[in-house]
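>>> Got a predicted structure here, sequence first:
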Amino acid sequence: MPHFTVVPVKDQAQSSYDSLEGINWVDYRDTGQDYPDHQDTVSSDGHGNHKEDSPFLNSADAAGKKNDFYDRNLALFEEELDIRPKVSSLLSRLVNYTNITQGAKEHEEEESAESPNMGTLMGVYLPCLQNIFGVILFLRLTWIVGMAGIIQSLLIVLMCCSCKYLVPQAAIFHATDPHGSDSAMLNNMRVYGSICLSLMAVVVFVGVKYVNKLASLFLACVIISIVSIYAGAIKSMTHPPEFPICMLGNRTLVRDRFDVCAKTVTQGNITVASQLWDRFCLPGNMSTAQCDDYFIQNNVTEIQGIPGLSSGIIRDNMWGNYMQKGEILEKAGLLSVDAHSAMENFIMYVSADIATSFTLLVGIFFPSATGIMAGSNRSGDLRDAQKSIPVGTILAITTTSLVYISSVVLFGSCIEGVVLRDKFGDAVRKNLVVGTLSWPSPWVIVIGSFFSTIGAGLQSLTGAPRLLQAIAKDNIIPFLRVFGHGKNNGEPTWALLLTGLIAELGILIASLDMVAPILSMFFLMCYLFVNLACAVQTLLRTPNWRPRFKYYHWALSFLGMSMCLALMFISSWYYAIVAMGIAGMIYKYIEYQGAEKEWGDGIRGLSLSAARYALLRLEVGPPHTKNWRPQLLVLLKLDEDLHVKYPRLLTFASQLKAGKGLTIVGSVIQGNFLDSFGEMQAAEQAIKNMMEIERVKGFCQVVVASKVREGVVHLIQSCGLGGMKHNTVVMGWPYGWRQSEDPRAWKTFINTVRCTTAAHLALMVPKNVSFYPSNHERFTDGNIDVWWIVHDGGMLMLLPFLLKQHKVWRKCRMRIFTVAQMDDNSIQMKKDLATFLYQLRIEAEVEVVEMHDSDISAYTYERTLMMEQRSQMLRQMRLSSAERQREAQLVKDRHSLVRMGSLYSDEEEEVVEAPPEKVQMTWTREKCEAERRNRNNAPENFRELMSLKPDQSNVRRMHTAVKLNEVIVNRSHDARLVLLNMPGPPRNTDGDENYMEFLEVLTEGLERVLLVRGGGREVITIYS
């Protein structure tokens, strides 16, 4: 959880200042409207700047705000505040942020107690619990324990609870006579099931809150049923229930085909044949009757079906006893004489209806482990989804796993093996074994199993339509677009209707043997791709993939994916192939346009085809915010020997990228291409060698241009191929620009800044890059300080996270400073920033720095005056050679403040002066007077320079730079790295030289500074 500190910055005096002119405020973020393509919308303001809809803010409430008073402390950023708003303006809108549809938001304003306030218990834990607990616990778990034994049953439970995906392949009901009473019963069940489904759909349609109320009641019944099982098991230690099983020899008899478990019965004083005798013998005298050989040679006995927890039956049920189809249930240990038995008497014995195996039992039990996505499917109704979903889901999985494991042990310890293996209760007159074990009444289990089915159905009808609606709104599958619509309150009406129709088809088919296998595969395919997506995101180190669960590792996702794939083929290999084929067709339909395969010769041809396919896929559209990562174009400067002048730029790039994504290293050689081709090749090789030394994985691009400025523009425009293009430019700081009277030293830098803005590219300028750490250094402590002054897409949040992935910066702490103005609420900013960072899943210490309005200090005024005097002097000195010499001598004589340093021109020359030619001149009277006037103007120009008054706009900007620098140095003087918003160059090009001075003042006294300028699009989002 972030830590917060509010640090006030006090001034010597507080006074008013000339108000800035009102500037029309244009919100560059989204207006809350739904765009069908869900892509970022970018527009331009006509100055090379552009604005974009934010993917994580809903600022519809700010649409009516037309004007914003820009604080004088941010005068340096005032020209771009319409597209890069103040941090306080951004954070204030987080309070009204909602991740549900606009209609649902309006509906919630009328009903404040709506479902989006649900917490972990009601929103995730109980729905997951209800979805996971199903009728399998009451109807099939005893049979699984009887077939597999306690040891293998525990293994099945552990496997299923580890994966939590699958649907059974065995039918719960079976029809022995399709044209008899069982078929009529199934027809009745179709009617009853359709009625129940309609009622559940109506409840869901009315509202989620009614589902929660009913679901809680149903879940309470299920929990009471489970508790009654434990109570019955404990009670069986001393008073086991009467539950006799009739055995013939060691064979189990179908109990509802006779009345008394005996061969003969006594009526009065006469011994007569029982109904059991009549079933095995032909009519006639008992002494001469012709009976089944096995019936005659074996005795009829009764055993206790539930001997109790202290009976020691657990030893007999410890190991498995798998059976083939038609095999009679036999109890080991009972005396039995092996004899021939007539086939017509086979119906008197309890037999296996299907062949059983370990893999089959895994498939049968798996449905009781599904339902873990119930909380995720309702994320829009949760107060804090990213906290509630993992906590609630893990708790639900843990709870149900403990219940299943303990139930396996209890069933194996209390119930006779032949009763456990009796799937449909034929030996106990169709009674529910679990119901007989429970206390105080079997009706508790009957009611609990019924409500378990209804509750799970309600949860499914609540979650599945919302998932379908989300898919439809994302416009991933076009023909599902209609299901994205719903009621005004956001309820997925059409999706609910489709879900109900699909469920009704399952009821009408009334055969799980036909429906369940393919559904099982789709469950497994769904969670297989979920695990695959998590593993791939982690391995690719996607910046916006930041799982909050600290124990997560990609190997867990890979293991889950492997288990899902294995269980698909273990359960039903042919259905697995069908499901994978359908998933592949859906994927190809979503993809819609695939690259044509070209199988070349060998691995190279395959690689080229894959690269071509990937580049064409990247051309489809801009990357989503969740997939955005900085793709770098690093602009290097070479010295006269074609060596990289600042290799630490490459070091910084390698630490930022960590070998992921695209890195292009570019440089410009001035000259003619035909004459400088060899020099260009040598420069490329030198850069590649340095890239290898600094471990930069990327490409090199060197261009030859007549002017360096033009070459840089060519690199910005043309580097990359197709969708594999850079989105961020990294260039060095023009050191020594102050000592140079040549404006080309800084004009190329400012021109590059303007070009990156016009090209919608982000910009990073590492200042004092020679002090940046090498790849062999490791910071064991220290801070990475982020000074978030204006919001320009979230680059300042993303870059420290990426740097901390590298071993050099891994142990550094992240601190975020934001500036509060006089009209800002610092306490509210702290709360809003806490919400923002929590939703971004970024751990950082946050400090809100208060900057009070103050008078313009004398230092600020003097510094602005010196800046403008220098600029004016340099403009006057850009005259003819004779005039430059005269004015330089005049400045020297008057002890000017400007010291003429050595020329520093690390850029190209704009005008190549030709050597002077000797020209014969004829002096006229007019030429003599003009020469005399020029000599008289020189002292006047200097007097004008000395009496110059600074421009108020420049004073405000210098005031901003001085104040911010004072605060930054005070708080971050010992930081390992300081990241700072880079102000944009002035729209009026006449003030370019002043812009460089502002940047110098802003960053004075800081060892390592990274000036960051966003590309105008959001690069970080709260969505995971």
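Okay, I see it. Residues are numbered from 1 along each chain as shown.

>>> Please enumerate the strands of the stretch 551-700 of the chain.
632-635, 663-670, 699-705 (DSSP state E, counting those that start in this stretch).

>>> Same list (those strands) but as JSON lines, adding mean pLDDT.
Shown next, in JSON lines, are the strands of the stretch 551-700 of the chain (pLDDT from 0 to 100):
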{"stretch": "strand 632-635", "mean pLDDT": "92"}
{"stretch": "strand 663-670", "mean pLDDT": "92"}
{"stretch": "strand 699-705", "mean pLDDT": "92"}
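
>>> if I look at residue 819, how far off is residue 769?
When distances are taken as Cβ to Cβ, to the nearest Å, residue 819 and residue 769 turn out to be 26 Å apart. All C-beta spots, glycine's among them, are computed from the backbone N, C-alpha and C.

>>> okay, those two: which has more neighbours?
Set side by side, residue 819 and residue 769 show unequal neighbour counts under other Cβ atoms under 10 Å, the larger going to residue 819 at 26 against 20.

>>> which SS class is the more buried one?
Here residue 819 takes the strand state, with states given by DSSP: H, G, I helix; E, B strand; the rest coil.

>>> For it, give its distance to residue 74.
Counting by Cβ to Cβ, the separation of residue 819 from residue 74 is 8 Å.

>>> Over to residue 243?
Per Cβ to Cβ, residue 243 is found 82 Å from residue 74.

>>> ok, now residue 570?
Between residue 570 and residue 74 the distance is 64 Å, computed by Cβ to Cβ.

>>> same thing with residue 647?
Looking at residue 647 against residue 74, where the rule is Cβ to Cβ, the gap reads 36 Å.

>>> Looking at these two, which one has more neighbours?
With other Cβ under 10 Å as the criterion, residue 647 and residue 74 differ in neighbour count, and residue 74 comes out ahead with 22 against 18.

>>> residues near the closest residue to that one other than its chain neighbours, how many?
Take residue 74 and drop its neighbours on the chain: the residue closest to it by Cβ to Cβ, 6 or more residues apart in numbering is residue 960, 6.1 Å away. When neighbours are defined as other Cβ under 10 Å, residue 960 has 25 of them.

>>> likewise residue 162?
Applying the criterion other Cβ under 10 Å, we find 14 residues in the vicinity of residue 162.

>>> The helix or strand harbouring it - contacts with which helices or strands?
Element membership of residue 162 [criterion: DSSP states H and E] is helix 141-163. Applying 3 or more Cβ pairs under 8 Å, 6 or more residues apart in numbering; DSSP states H and E, one finds that helix 141-163 contacts helix 358-365, helix 385-414, helix 417-420, helix 433-437, helix 554-571.

>>> Please repeat the previous calculation with a cut-off of 6 Å.
Helices and strands touching helix 141-163, by 3 or more Cβ pairs under 6 Å, 6 or more residues apart in numbering; DSSP states H and E, are helix 358-365, helix 385-414, helix 417-420.

>>> pLDDT on that helix, on average?
Per-residue pLDDT over helix 141-163 has a mean of 88.

>>> Pull out the buried residues from that helix.
Within helix 141-163, the residues that qualify as buried are 141-150, 152-154, 156-157, 159-161, 163, counting by 16 or more other Cβ atoms under 10 Å.

>>> Stretch 480-496 now?
Along stretch 480-496, these residues count as buried under the neighbour rule (16+ other Cβ under 10 Å): 480, 483-484, 486, 489-492, 494-496.

>>> so which two of these are the farthest from each other?
When the buried residues of stretch 480-496 are compared pair by pair using Cβ to Cβ, the two farthest from each other are 480 and 489, 21.1 Å apart.

>>> what is the rounded mean pLDDT of the longest helix anywhere in the chain?
Looking across the chain with DSSP state H, the single longest helix is helix 442-473. Averaging the model's pLDDT scores along helix 442-473 yields 84.

>>> Give the other helices and strands that that helix contacts.
Helix 442-473 sits against helix 126-132, helix 181-206, helix 208-235, helix 433-437, helix 493-509, with contacts defined as 3+ Cβ pairs under 6 Å, 6+ apart.

>>> name the helices or strands packed onto the longest one?
To tie it back to what came earlier, the one meant is helix 208-235. Packing partners of helix 208-235 (3+ Cβ pairs under 6 Å, 6+ apart): helix 126-132, helix 442-473.

>>> so which of these comes closest to residue 546?
Using Cβ to Cβ and comparing the helices and strands packed on helix 208-235, the one that lies nearest residue 546 is helix 442-473, at 21.3 Å.

>>> Report the buried residues of the closest one.
Buried residues in helix 442-473, counted by 16+ other Cβ under 10 Å: 442, 444-473.

>>> Specify the angle between it and helix 208-235 in degrees.
Per axes from the mean of the first three to the mean of the last three Cα atoms, to 10 degrees, the angle that helix 442-473 makes with helix 208-235 is 140 degrees.

>>> Low-confidence stretches in the stretch 1-150 of the chain?
Of all residues in the stretch 1-150 of the chain, those with pLDDT under 70 make up the ranges 1-73, 92-116.

>>> redo that, cut-off 80
Screening the stretch 1-150 of the chain residue by residue with the criterion pLDDT under 80, one finds the ranges 1-118, 131, 134-136.

>>> mind checking which helix or strand of the protein has the lowest mean pLDDT?
When each helix and strand of the chain is scored by mean pLDDT, DSSP states H and E, strand 23-24 comes last, with a mean of 31.

>>> which residues in the stretch 201-350 of the chain form strands?
With DSSP E, counting those that start in this stretch as the definition, the stretch 201-350 of the chain shows strands at residue ranges 244-248, 251-252, 264-267, 270-273, 300-304.

>>> Could I get the average pLDDT for the second one?
Read it as strand 251-252. Per-residue scores along strand 251-252 average to 93.

>>> Show residues contacting it.
328-330, 349-350, 418, 427 (Cβ atoms under 6 Å, 6 or more residues apart in numbering).

>>> List just the nearest of the residues you listed to residue 337.
When the contacts of strand 251-252 are compared for distance to residue 337 (Cβ to Cβ), residue 330 wins out at 12.9 Å.
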